[in-house]
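Participant: predicted model, plus sequence, below.
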Amino acid sequence: MSMLNHISDSSASPIAIRRSLGVLGRGIFRAVNNAIAAIIAQRERQAQLTILRRLSDRELRDIGLSRSDIGAGLAEAAKDRTRSQRLLAARS
């Protein structure tokens, strides 16, 4: 009888397998999405850095930056953007 009980218990496993695959699929999707977002963010920072480095000292002063502030300013903006994105993701 224990063999029959074991067989009948395994009939519930397709549901558990589907749930596990769903969780795994969402985890993989999230990891790929995060990797793509990180690549996009890095390219945006590189583009912004290139644009800011091409500005003259006077143009930088007009927007309130000095040449030495460029890297730190972009890093701070990236942190702010990450914080905002996490808050939005937590709400949904």
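Facilitator: In hand now; what should we look at?
Participant: dump the residue contacts of residue 37.
Facilitator: For residue 37, the set of contacting residues under the criterion of C-beta atoms under 8 Å, 6 or more residues apart in numbering is empty. Every C-beta, even on glycine, is put in place using the N, C-alpha and C of the backbone.
Participant: so where does it fall, helix or strand?
Facilitator: Using DSSP states H and E, residue 37 falls within helix 13-54.
Participant: return the set of buried residues in stretch 74-92.
Facilitator: When burial is assessed from 16 or more other C-beta atoms under 10 Å, stretch 74-92 yields the following buried residues: residue 74.
Participant: what's next to it, contact-wise?
Facilitator: Contacts with stretch 74-92, where a contact means C-beta under 8 Å, 6+ apart, come from 41, 45, 48-49, 52.
Participant: got these as JSON lines, with pLDDT, neighbour count and distance to residue 68 columns?
Facilitator: Putting the contacts of stretch 74-92 into JSON lines (pLDDT from 0 to 100; neighbours: other C-beta atoms under 10 Å; distance: C-beta to C-beta, whole Å) gives the following:
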{"residue": "41", "pLDDT": "88", "neighbour count": "14", "distance to residue 68": "23"}
{"residue": "45", "pLDDT": "89", "neighbour count": "16", "distance to residue 68": "17"}
{"residue": "48", "pLDDT": "90", "neighbour count": "15", "distance to residue 68": "16"}
{"residue": "49", "pLDDT": "91", "neighbour count": "14", "distance to residue 68": "13"}
{"residue": "52", "pLDDT": "91", "neighbour count": "18", "distance to residue 68": "12"}
